[in-house]
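>>> output the structure for:
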Amino acid sequence: MAEEQIQGTATEEQQQAQFQLQKIYVKDVSFEVPNAPQIFQEDGQVEIKLNLSQKVADLAEGVHEVVLTVTVTASIGENGEKTAYLAEVQQAGIFAILGLPEQGRHAALNTLCPHALFPYARRMITDLVAEGGFPPLVLQPINFDQIYAQRMQEAQAQASAAEDLEVQGNA
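Here you go, the predicted model:
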């Protein structure tokens, strides 16, 4: 009887969701100072723009490569007409995600994975900017759960709007 309980527990554990970070690496790095050296003599407020994007590629059954691209553009001047610098990091990771339904896997790829990668990309951006001769730039933490929830709400709203148009078009 004790053996049956142990076997039942092992089977339940095998069916539980698994999330494993297998590898973290930098896929691409770029740092540009297009207006050097004159940009170092400019005065004025620097405007920082942050852009995030992500790509997911399936490598094998339950194994995915996630590439988080963080792009920071700093501009200076009255209308931000001069680019001080452009820093871009493609931080990548290989993740094993098993035992989750499709919706859970999609959520993990869009929240847990970028959450794991962002601190590495943030550190790389900070180092690039400092080594490029500019004041340190510290990117604030990002709530990928909130971004994902907003994207899902927008997608749902667009789907509802498309259905409304389709119903009106058929009337």
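>>> isn't Gln22 up against Ala92?
No: contact criterion Cβ atoms under 8 Å: Gln22 and Ala92 do not qualify, at 11.3 Å. (C-beta placed from N, C-alpha, C; glycine too.)
>>> neighbour-wise, which of these two wins?
The residue with more neighbours, out of Gln22 and Ala92 and counting by other Cβ atoms under 10 Å, is Ala92; that gives 22 against 12.
>>> using the three-state scheme, assign that one.
At Ala92 the chain is in strand, as set by DSSP: H, G, I helix; E, B strand; the rest coil.
>>> i'd like the first residue to be 52 from this point on
Sure, I'll start counting at 52 from here, so that last one is Ala143.
>>> who touches it in this structure?
Shown in contact with Ala143 (Cβ atoms under 8 Å, 6 or more residues apart in numbering): 75-78, 116-119, 168.
>>> following the host helix or strand of Val140, which helix or strand comes up?
For Val140, the enclosing helix or strand under DSSP states H and E is strand 133-149. As assigned by DSSP H and E, the chain's next helix or strand after strand 133-149 is helix 153-161.
>>> buried residues, that following helix. List them.
Neighbour-count burial for helix 153-161 flags 156, 158-161 (criterion: 16 or more other Cβ atoms under 10 Å).
>>> pipe those residues into JSON lines and attach pLDDT per row.
Shown next, in JSON lines, are the buried residues of helix 153-161 (pLDDT from 0 to 100):
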{"residue": "Arg156", "pLDDT": "94"}
{"residue": "Ala158", "pLDDT": "94"}
{"residue": "Ala159", "pLDDT": "95"}
{"residue": "Leu160", "pLDDT": "96"}
{"residue": "Asn161", "pLDDT": "95"}
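>>> with that, I have no additional questions.
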